[in-house]
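K.L.:
Using only what follows, build the 3D model:
(2 chains)
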Amino acid sequence: MLPDCVDATATLLARADYVADRALATVVFLGLRMGRPLFLEGEAGVGKTELAKVLAQALDRRLVRLQCYEGLDLAAAVYEWDYSRQMMEIRMAEAAGVTSREALAADIFSARFLLRRPLLQAIDFSGPDAPVLLIDELDRADEPFEAFLLELLSDFQVSVPELGVFKAPSPPIVIITSNRTREIHDAVKRRCLYHWIDYPDAQRELEILRRKAPAAAAALARQVVAFVQALRGRELFKNPGVAETIDWCNAVVALDRMQLDPRIVDDTLGALLKYQDDVARIRGAEAERLLAQVMANAGGA
Amino acid sequence: MTALAPPSRLAANVMEFARVLRRSGLPVGPGKTLAAVEAAAWVGPQRRDDFRAALAATLLDRAEQRPLFDQAFRYFWRDPKLMERAMQRLLPRTPGPLARPDDEAPAANRLAQALAAPREHAAAPEPAGPIELDAALSFSAAEVLQAKDFETMSLDELAQAKRMLRMLHLPLPRVPARRYARHRAGRQLDVRTTLRQSIKFGGEWLIQYKRVRRTRPSVLVVLCDISGSMARYSRMLLHFVHAVAAERGRVHAFTFATRLTNITRALRHRDVDQALDEVSRVVRDWSGGTRIGACLDEFNRHWARRLLGQGAVVLVVSDGLDCGAGPQLDEAMARLRASCRRIVWLNPLLRFAGFEPKAAGIRAMLPYVDIFLPAHNITSLIELAHALAAEPAPRLHRAHYPIRKRRLHDGDDRRATHSGPTGNDVAGAQRPRNTESLHPGL
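P.N.:
Sure thing, here's the model as predicted:
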């Protein structure tokens, strides 16, 4: 079921249209084999989240996703009791004349009334295989949540005081991503395999476009990639990620263009750059210059 | 070693490699080493890039460690000759006064030291002796000290001032958090607790529990100028920053002169002296020139989006004397202003009564600053606490934005809204009404 070597992992990912470089494939392989969570960092839009989705799809597992945000608490991450239904149950028990407090408590705090949030879903799953658990943008959650996660990642069990302990029969495949808005505590990282996902090189990005924007002609895709790669060397406030490259390529295709020209670049720059000062810097003369450079290189090659 | 089977040659080498990394300063503990050995066994040494990725994934935990790792990997796993050369770098030589901002060289030096060091250095001994409680500092003495310029203080006075700084509180504006806490005067029903408690009474809601939204202090980012002209002040202010950082979690600190250095981690030591030692170890451009524009620009590009998302207050400590002020500084300040809640500029030059912003750097920065304060003695830092505690006026469009804290004449100010000199009464205008409750705990 799980890939048995790095090559197999790379093939597995490639089959699901995820173009991973060798280092990432190695780390994924190790994560699967050693049963350790993957801790992925990198700029926005380099495919951290996508990796989890692809892995779930390729391994035919369920994907459980926990999107972190500031103030994420146990009730939203692990479980919560369904209060309204519990209330109703109490009223109905009253009407039926149930008098035993013990029985009532046992009844309303049973699994029926438990709302399972992502972390509990990932631990208390049905079916033979553990799901893929994606803990997205952990840096947005606050530190106490990290401490809780630490406990969870070491034994994969959750205790619900009223109900007992849930323990995962087999540990889920955990992928944690962070955009580095703050440093994650070392203790969490220590339990994980760490990998920094960088922007892809031209060749890999071209391969990604071939798969993700198949409508684009090969020549256009090459130009798009060359332009984006040149743009990343421009010291922008926010460099365009792979997702932006794909968007932009699709945008140009949607406008029925077979190749880039200065006007089309100016018109569609919003798909690529998301900050006004970046757009202002690149639009016009700078874009034209970059484009000329890209075209010259393409002509020379 | 335990009585287990002897480790394979590969495992032994991986362990040795982990040791080298640890000696060169990477936090590689036994847990990581074990993981690396396991990973190495899974991947095997057949493919060099796989092997490297496996070791990197298990031994590193942040992207910045990568260059050092790569270099160590090259030395350790390929060429014994390179290793020898690394050892030779250790021959005694005088360290240059200014390390060039070269990525490769410092890492190589650290590595060379690590390879040669037979053992790790023992941890620095704890400062011995009882800490003397300073009862001698009478009230009036404290008062005098508060007003004294850091630059003119004697060593003794500096030590006392440091002690006082440690007790300063910085009341930052609080922003609502997402979580709730149980509270008697809350408006919202805390259903979970209410229901849980109602079980006691057979499901009857006898007591209602309420909750309120929690608040948390906003993020504070300190950018501290450590160029030559600021030397005395920045050291004192780092003490201050350390005190603030110890008190509450979300403080990020940077130093800049010719380049930007993140010292947040270094300041984490509880002991202020250890923390500052750590800072001076990390920072490589003490007392050099200043390139404010370039450093702010670097901050904007690499850190602003990561740190300033949550209503952050930015504290810039600088005299604004930039050797290369230009449009870059203007641009960087505009961007910085757009991404944070407030910019506070602490400028020791403001201590001079007749201070006028002549320097191009200062004039470029001023229009973007929300609060402009002196920072040359303890009183001025107390004033900072007051200014931060004051509820901020909503920020208006830049062109209409009223001058806030200025101790200068506006003759050369670019904005038209400001008319007439503000004189020396500005400090009073900004001070919050209820000074009593806001008084820092001195």
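
K.L.:
Tell me who's in contact with the residue of the stretch 51-200 of chain A with the smallest separation from chain B.
P.N.:
Per CB to the nearest CB, A:G71 is where the stretch 51-200 of chain A lies closest to chain B, at 2.0 Å. Backbone N, C-alpha and C define where each C-beta goes, glycine included. Each residue near A:G71 by CB atoms under 8 Å, 6 or more residues apart in numbering or on different chains is listed here: A:142, B:177-179.

K.L.:
Just the buried ones from those?
P.N.:
Neighbour counting over the contacts of A:G71 (16 or more other CB atoms under 10 Å in any protein chain shown) leaves A:142, B:179 as the buried ones.

K.L.:
Considering the contacts of A:G71, which is situated nearest to B:Q71?
P.N.:
A:D142 (36.0 Å; CB to CB).

K.L.:
Please tell me how far the closest one sits from A:M1.
P.N.:
Using CB to CB, to the nearest Å, one gets 37 Å for the distance from A:D142 to A:M1.

K.L.:
coming back round to it: just want to check the distance between the residue of the stretch 51-200 of chain A closest to chain B and A:P161.
P.N.:
From A:G71 to A:P161 the distance is 22 Å (CB to CB).

K.L.:
Let me know the distance separating A:F166 from A:Q121.
P.N.:
A:F166 is 10 Å from A:Q121, where distance means CB to CB.

K.L.:
actually A:D139, not the one I typed
P.N.:
23 Å.

K.L.:
Then B:V20?
P.N.:
43 Å.

K.L.:
for B:V37, same thing?
P.N.:
Per CB to CB, B:V37 is found 34 Å from A:Q121.

K.L.:
so where's chain B uncertain?
P.N.:
B:1-7, B:79-154, B:167-170, B:202-203, B:246-249, B:287-288, B:310, B:323-326, B:353-354, B:389-442 (pLDDT under 70).

K.L.:
give me the residue from it nearest chain A.
P.N.:
B:R178 (2.0 Å).

K.L.:
Could you look up the SS state of that residue?
P.N.:
Classification of B:R178 using DSSP: H, G, I helix; E, B strand; the rest coil returns strand.

K.L.:
That one: what's it in contact with?
P.N.:
By CB under 8 Å, 6+ apart, the contact set of B:R178 is A:69-73, B:213.

K.L.:
Quick check, B:A56 in contact with A:A23.
P.N.:
Yes - A contact is recorded between B:A56 and A:A23 when judged using CB atoms under 8 Å, the distance being 7.4 Å.

K.L.:
Just want to know which of these two has more residues nearby.
P.N.:
Legend: neighbour count by other CB atoms under 10 Å in any protein chain shown for B:A56 and A:A23, higher for B:A56 (23 against 20).

K.L.:
How about the contacts made by that one?
P.N.:
So B:A56 contacts A:23, A:194-195, B:66, B:69 (CB under 8 Å, 6+ apart).

K.L.:
Inside helices: which ones of the residues you listed?
P.N.:
A:23, B:66, B:69 (DSSP state H).

K.L.:
Give me the nearest residue to the first one, chain neighbours excluded.
P.N.:
In space, and not counting its chain neighbours, A:A23 is closest to B:A53: 3.7 Å by CB to CB, 6 or more residues apart in numbering or on different chains.

K.L.:
Am I right that that neighbour is in contact with A:G31?
P.N.:
No - with contacts counted by CB under 8 Å, B:A53 stays clear of A:G31, the gap being 11.6 Å.

K.L.:
Buried residues in the one helix or strand A:L12 maps to, which are they?
P.N.:
Using DSSP states H and E, A:L12 sits in helix A:6-15. Neighbour-count burial for helix A:6-15, counted by 16+ other CB under 10 Å, picks out A:6, A:9-10, A:12-14.

K.L.:
Just confirm yes or no for that helix near chain B.
P.N.:
Yes - shown here: helix A:6-15 in contact with chain B (CB under 8 Å from any CB of the partner chain) through A:V6.

K.L.:
just checking, what packs against that helix?
P.N.:
On a contact count with 3 or more CB pairs under 8 Å, 6 or more residues apart in numbering or on different chains; DSSP states H and E, helix A:6-15 meets helix A:22-34, helix A:48-58.

K.L.:
Quick check: mean pLDDT of the longest one?
P.N.:
By that I understand helix A:22-34. Across helix A:22-34, the average pLDDT comes to 94.

K.L.:
Repeat that for stretch A:62-73.
P.N.:
pLDDT averaged over stretch A:62-73 gives 89.

K.L.:
ends of that stretch, how far apart?
P.N.:
By CA to CA, to the nearest Å, the extent of stretch A:62-73 from end to end equals 23 Å.

K.L.:
gap between that stretch and the chain center?
P.N.:
Stretch A:62-73 sits 11 Å away from the centroid of its parent chain (CA atoms, centre = their mean, to the nearest Å).

K.L.:
you'd agree A:E288 is up against A:P262?
P.N.:
Yes - the pair A:E288 / A:P262 is scored as a contact, 4.6 Å apart, by CB under 8 Å.

K.L.:
still on that earlier bit, next, show the common contact partners of B:A56 and A:A23.
P.N.:
Listed as contacting both B:A56 and A:A23 by CB under 8 Å, 6+ apart are A:H195.

K.L.:
one step back: which one of the contacts of B:R178 has the most neighbours?
P.N.:
Neighbour max across those (other CB under 10 Å) = A:L72, 21 neighbours.

K.L.:
where's B:T194, which helix or strand?
P.N.:
Using DSSP H and E, B:T194 falls in helix B:191-198.

K.L.:
Please name every helix or strand in contact with that helix.
P.N.:
strand A:79-81, helix A:83-96.

K.L.:
rerun that using 10 Å as the cut-off
P.N.:
Contacts defined by 3 or more CB pairs under 10 Å, 6 or more residues apart in numbering or on different chains; DSSP states H and E place helix B:191-198 against strand A:79-81, helix A:83-96, strand B:174-182, strand B:210-217.

K.L.:
near chain B, which residues of the stretch 151-300 of chain A show up?
P.N.:
Contact residues (CB under 10 Å from any CB of the partner chain) of the stretch 151-300 of chain A with chain B: A:161-162, A:179-184, A:186, A:188-198, A:235-239, A:275-277, A:281.

K.L.:
can you put the contacts of A:G71 in a markdown table and add distance to B:M230?
P.N.:
As requested, the contacts of A:G71 are exported to a markdown table (distance: CB to CB, whole Å):
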| residue | distance to B:M230 |
| --- | --- |
| A:D142 | 34 |
| B:A177 | 35 |
| B:R178 | 39 |
| B:R179 | 40 |
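
K.L.:
and of the contacts of A:G71, the nearest to A:E205?
P.N.:
A:D142 (35.2 Å).

K.L.:
Can I get stretch B:41-59 in CSV, CA atoms only?
P.N.:
Backbone C-alpha positions of stretch B:41-59 (Å, rounded to 0.1, in the frame of the first residue of the first chain) are rendered in CSV as follows:
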residue,chain,number,x,y,z
ALA,B,41,18.6,3.2,7.2
TRP,B,42,15.3,3.6,5.2
VAL,B,43,16.8,5.6,2.4
GLY,B,44,20.3,4.1,2.3
PRO,B,45,23.4,5.8,1.1
GLN,B,46,23.0,4.8,-2.6
ARG,B,47,21.7,8.2,-3.8
ARG,B,48,23.4,11.2,-2.4
ASP,B,49,20.5,13.6,-2.8
ASP,B,50,18.1,11.3,-1.1
PHE,B,51,20.5,10.7,1.7
ARG,B,52,21.0,14.4,2.1
ALA,B,53,17.3,15.1,2.1
ALA,B,54,16.7,12.4,4.7
LEU,B,55,19.3,13.9,7.0
ALA,B,56,18.1,17.4,6.5
ALA,B,57,14.5,16.5,7.2
THR,B,58,15.4,14.8,10.5
LEU,B,59,18.2,17.0,11.8
